[in-house]
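Q: After the sequence you'll find the predicted model.
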Amino acid sequence: AQSVTQPDIHITVSEGASLELRCNYSYGATPYLFWYVQSPGQGLQLLLKYFSGDTLVQGIKGFEAEFKRSQSSFNLRKPSVHWSDAAEYFCAVGADSNYQLIWGAGTKLIIKP
Amino acid sequence: DTAVSQTPKYLVTQMGNDKSIKCEQNLGHDTMYWYKQDSKKFLKIMFSYNNKELIINETVPNRFSPKSPDKAHLNLHINSLELGDSAVYFCASSQRGRTADYGYTFGSGTRLTVV
């Protein structure tokens, strides 16, 4: 069965520090992978996606993610975080053959001043 | 020019009442979804409609009934509200066969509080 694991419930980083949020998936075929961000009191916004091609994908707000098939991972990175990056981050995997995305449980990013 | 809009944004109601949440999308997508997000931020799909046809109906109580008058609208009606229904409900849409290209577009959510 398809599944997505985000091993970190919370991550705290200092403003200006680098960030990596982990995502591991279980899926038989080549997955479609997404990262979404949910700011407090808001809906989910698509940060970036991968479905083929270059395994390093660039997204909005300075985020990037790298697809590593051998590790079944799609980790999200940012070289220098800003206080406005404090939010909940969700990884998701989907297949074009159906309509459903499988979601991770989310990682809450806390920014220290 | 909001892409996916939900109303109301906040809903406070008493146990036993019946309430509805409305969702509309102007993206031309043909698939719409309802998600429930609990207090721990876990996202659980409830329903999905494609061109007004129900295609996903996860295990939710019969008190929840989606209605899709056309492919741009997917409303959620909840009967006999219970305390455990308190959550944030998100509407989303996507284009059939293009989930990989565009993912989902989400509404801003409806925070339902049952007292």
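A: Here it is on my side, so go on.

Q: which sections of chain B are below the confidence cut-off?
A: Residues of chain B that meet the criterion pLDDT under 70 lie in B:1-2, B:96-102.

Q: Find the residue at the geometric middle of it.
A: B:Trp34 (2.8 Å; C-alpha atoms, centre = their mean).

Q: Which of the three states applies to it?
A: Recorded secondary structure, B:Trp34: strand (DSSP: H, G, I helix; E, B strand; the rest coil).

Q: looking at it, it is touching B:Ser65, isn't it?
A: No - taking contacts as C-beta atoms under 8 Å, B:Trp34 lies outside contact range of B:Ser65: 10.7 Å. Quick note: C-beta positions are derived from backbone N, CA and C, even for glycine.

Q: hey, what's in contact with both of the two?
A: Contact criterion C-beta atoms under 8 Å, 6 or more residues apart in numbering or on different chains; residues shared by B:Trp34 and B:Ser65: B:Leu76.

Q: What parts of chain A come near chain B?
A: With C-beta under 8 Å from any C-beta of the partner chain as the criterion, chain A meets chain B at residues A:32, A:34, A:36, A:38, A:41-46, A:49, A:51, A:88, A:90, A:92, A:94, A:96, A:99-101, A:103, A:105-106, A:108.

Q: Keep only those of these that are in strands.
A: Those of these mapping onto strands are A:32, A:34, A:36, A:38, A:44-46, A:49, A:88, A:90, A:92, A:94, A:101, A:103, A:108, per DSSP state E.

Q: residue boundaries of the strands in chain B?
A: B:4-7, B:10-13, B:19-25, B:31-37, B:43-50, B:53-57, B:64-70, B:73-78, B:87-94, B:105-106, B:110-114.

Q: Out of those, which gets nearest to A:Val4?
A: strand B:43-50 (10.6 Å; C-beta to C-beta).

Q: and A:Phe56, how many neighbours?
A: Rather than Phe, residue A:56 is Leu. 11 (other C-beta atoms under 10 Å in any protein chain shown).

Q: same thing with the one 3 residues further on?
A: Neighbourhood size, A:Gly59 [other C-beta under 10 Å]: 18.

Q: Next, it: phi, psi?
A: As for A:Gly59, its main-chain torsions (degrees, to the nearest 10) stand at phi -130, psi -170.

Q: now swap in A:Ser70 and tell me
A: With angles defined as degrees, to the nearest 10, A:Ser70 sits at phi -60, psi -30.

Q: And for the one 4 residues further on?
A: Note on A:Phe74: its backbone torsions stand at phi -150, psi 80 [degrees, to the nearest 10].

Q: and it, what does it touch?
A: Counting by C-beta under 8 Å, 6+ apart, A:Phe74 makes contact with A:Cys23, A:Asn24, A:Tyr25, A:Leu33, A:Trp35, A:Tyr50, A:Ala65, A:Glu66, A:Phe67, A:Lys68, A:Cys91.
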